[in-house]
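# give the three-dimensional model of this entry:
(2 chains, ligands or ions: 2)
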Amino acid sequence: MHATSSANPKISLSAVKKAFGRKVVLDGIDLDVAPGESVVVIGGSGTGKSVLLKSILGILKPDSGSIKVDGEEITRMGSSDRERINNKFGMLFQGAALFDSLPVWENVAFGILAEKRVNRDEAKEIAIQKLSQVGLISDVADLFPAELSGGMQKRVGLARAICADPEIIFFDEPTTGLDPIMADVINDLIVKVTREVGATALSITHDMASARKIANRVAMLYHGKIIWAGPVEDIDHSGNEYVDQFIHGRADGPIKMAVRA
Amino acid sequence: MNPLSGLQKIGSVFISFLETAGKLTTFTVSGISHAVRPPFYPRIIIHQMMDIGYYSLPVVGLTAVFAGMVLALQSYTGFSRFSAEGAIANVVVLSITRELGPVLAGLMVAGRIGASLAAEIGTMRVTEQIDALTTLSTNPMKYLVAPRMIAGITMFPILVLVADVIGVFGGYMVAVYKLGFNPSNYLQNTWNFLTFEDVTSGLVKAAAFGFIVTLMGCYHGYNSRGGAQGVGTATTNAVVSACILILSFDYILTEMFFAK
Ligand SMILES: Nc1ncnc2c1ncn2[C@@H]1O[C@H](COP(=O)(O)OP(=O)(O)O)[C@@H](O)[C@H]1O
Ligand SMILES: [Mg+2]
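Ligands and ions are numbered 1, 2, ... in the order given. Have a look, this model is predicted:
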C-alpha cells in the first residue's frame, strides 16, 4: 500500500530497505509527505523509526529503494548536492544531541554559523530570538547544555532545529523521557514553530498523545513496513488490529513483543 | 565438534581483520584529505594545540627529567667498568634525542590524549552529536578529526624538543652534582657528539607518533557503539593500539634513518 496524499510530495520514499548484517530493519518502506503536512510515524521501540529518519538525512545509506526530496533522488547523491539538500532539513534528536563543549547560543546558531550566513554577533542575536520562540529567556544563551534540565535541552534542540528556517523538520521522539506536562509543552511548541516556519514535519514517536496533537496524518511502522497510514481523525477507527492494539497499549493482540531483540 | 567450525572461525577472524584494516584505511585517508583542504577551524585547532601541547608539558617534562637522570646514572655504573666515563654525556644526549625523548613522550601522551580523544568523540557518537553535525552543514571528519590530527602532528615535535632539553638537563644534574663531572666538560661532550640528524630524526618520529595517537583516539571514538560501555572499550583500544603502533613505527623509522 502506498501512503500517498499529494501529487508533488515534499518527501517520497518507495521500497526503502535497510538491514544491519542479517537483521532487516526497514523492509520496503513506502511513504509520501506532502508540503506543509505533518506526518507522524508510530511504532514500538526498536522497530527502526530512527533508522528511517537517518536514512532520509543521509546519515545511514539504505540498501535499496528510492528516497526523493522535492523530486530529487538523494540516495545516490554526491556530497555537495547532499549538503545542499541537508540545508533544507532541521532535526530534533531523541536525546537533544546538544554539543556539550559549546554554550547554548552557539548550539542554536551552529548551522547558520557553519554556512557562514552571518557573523558571530548576528548569530547570537538570532539564537536569542529563536530561544525566545521556544520559551527560553536570553540568560540561558550563555549556559552550557549540562547546566540545563531535560525539558530545557529539548527546547534548545528545537531552537537549533528551526534556527536556519528549514523547509522540513524531523522530530525523533520529541517527548520521550519528559514528564506529561513538559511533553505537552513541547508538543505545543512543535505545532507552533512548524506553523511559524511553515515547515513540513516528519515525526516519529510511540507517544500517542503526542501523535494526536502534532499529526495531520499518521503512519504505523511494524516489521519494517508501513502497515497503515491515514488521517489522524481516522486512527480510532482504522479497522487495523495492529493499530488498535498499539494506540490502546494492550499487551495481547497481533503484535508480539520480542523479548529478545 | 564439527571439524569445519575451526576453519570457519579462522575465516571469520581473517575477514573481520580485513574489514577493520579497510575501515581504518578509509578513515585515515578521509582524515588527511580533510586536514589539507579548507575550510579549516582555527579556533578548534588552537584549542586542541593547547590541550595536546601545553597541558602535556608537565607529564612530558617529568618523564624526560627522570629518564635523563637515570640514563646518566646507569651509564656511569656501566662505563666506569671500562673507565669510559667520558662517554656518559654522549650516551645521554644520543639516547634522549634519538630514542627516549620521542618514545617516552609519545607513550605518555598516548595515555593522556589518546584516551581523552576517544572518550570525547565516543561520547559524541553515542549521544548522536556526530549525527547532529551532519544535519547542521558540518562534516564531522573535518570538524572533529582533522583539527585534532593537525594539532597532534604539529605539537608532538615541539613537546619532544622540550623533552630533549629537559632530559639532557636531567642527565647533566646527575653527572655534575652526584657524579662530580666538570660542568663545562660535560656540556662540551654533549655538544660535540650531537649531530643535526640525531635531533631531526627524533622530531620526525614525534610527528609520526602525534599522527598515530590522534588517529587512534579519533578512530576508536568515532566508531564506538553502544553507550557508556562502548566508550570505555574505545578508550582502552585507543591507548593500547596507539602504544603498540608507536613502538613498531619507532623500529621502522629507526631502520629508515640509521640502518645504512
Ligand atoms: N548503526 C547501527 N548499526 C547496527 N544496528 C543498528 C544501527 N542503528 C540501529 N540499529 C538497529 O536497528 C534497530 C532499529 O533501531 P532504531 O531505529 O533506533 O529503533 P527505534 O524505532 O526505537 O528508533 C535496532 O534493533 C538497532 O539495534
Ligand atoms: Mg529511536
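# any idea which element the residue nearest the centre of chain B lies in?
The geometric centre of chain B, computed from its C-alpha atoms, lies nearest to B:Gly106 (C-alpha atoms, centre = their mean), at 3.0 Å. Element membership of B:Gly106 [criterion: DSSP states H and E] is helix B:101-109.
# confirm for me that the residue nearest to the centre of chain B is in contact with B:Met216.
No. With contact defined as C-beta atoms under 8 Å, B:Gly106 does not count as touching B:Met216 (11.6 Å). Quick note: C-beta positions are derived from backbone N, CA and C, even for glycine.
# who are the packing partners of the helix holding B:Gly106?
Here helix B:101-109 touches helix B:57-79, helix B:146-173, helix B:196-222, helix B:227-258, going by 3 or more C-beta pairs under 8 Å, 6 or more residues apart in numbering or on different chains; DSSP states H and E.
# as a markdown table, these with mean neighbour count and distance to B:Phe181 would be great.
Formatted as a markdown table, the helices and strands packed on helix B:101-109 follow (neighbours: other C-beta atoms under 10 Å in any protein chain shown; distance: least, C-beta to C-beta, whole Å):
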| stretch | mean neighbour count | distance to B:Phe181 |
| --- | --- | --- |
| helix B:57-79 | 18 | 9 |
| helix B:146-173 | 23 | 8 |
| helix B:196-222 | 23 | 21 |
| helix B:227-258 | 17 | 28 |
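# closest to chain A out of these?
With C-beta to the nearest C-beta as the measure, helix B:227-258 is the member of the helices and strands packed on helix B:101-109 nearest chain A (11.3 Å).
# could you list every helix and strand that the closest one packs against?
helix B:101-109, helix B:115-126, helix B:196-222.
# hang on, the earlier thing: contacts only, for the residue nearest to the centre of chain B.
B:Phe156, B:Val160, B:Lys205, B:Ala206, B:Phe209, B:Gly210, B:Ile212, B:Val213, B:Ile246, B:Asp250 (C-beta atoms under 8 Å, 6 or more residues apart in numbering or on different chains).
# list the contacts for B:Ser56?
By C-beta under 8 Å, 6+ apart, the contact list for B:Ser56 reads B:Ala105, B:Met108, B:Val109, B:Arg112, B:Ile113, B:Met155, B:Leu159.
# now, the most widely separated pair of these?
Farthest-apart pair in the contacts of B:Ser56 is B:Met108 and B:Met155; separation 13.4 Å (C-beta to C-beta).
# what's the helix or strand for A:Lys213?
Using DSSP H and E, A:Lys213 falls within helix A:208-214.
# mean confidence (pLDDT) on that helix, please.
Across helix A:208-214, the average pLDDT comes to 92.
# and what of stretch B:168-175?
Mean predicted confidence for stretch B:168-175 is 95.
# who touches it?
For stretch B:168-175, contacts defined as C-beta under 8 Å, 6+ apart pick out B:64-69, B:71-73, B:76, B:88-89, B:92-93, B:96-97, B:181, B:183, B:186-187, B:190.
# among the contacts of B:Ser56, which one has the most neighbours?
For the contacts of B:Ser56, neighbours were counted by other C-beta atoms under 10 Å in any protein chain shown; the highest total belongs to B:Ala105, with 32 neighbours.
# who's in contact with it?
B:Ser56, B:Val60, B:Thr63, B:Ala64, B:Phe156, B:Leu159, B:Val160, B:Ala163, B:Ala206, B:Phe209.
# for chain A, what are the low-confidence residue spans?
A:1-7, A:257-261 (pLDDT under 70).
# so which residues on it come close to chain B?
A:54, A:57-59, A:83, A:86-87, A:89-91, A:93-95, A:97-100, A:110-111, A:114-115, A:160 (C-beta under 8 Å from any C-beta of the partner chain).
# surely B:Ile45 meets B:Pro147?
Yes. Between B:Ile45 and B:Pro147 there is a contact under C-beta under 8 Å: 4.5 Å.
# which helix or strand contains B:Tyr186?
helix B:183-193.
# now that helix, how far from the chain's geometric center?
29 Å (C-alpha atoms, centre = their mean, to the nearest Å).
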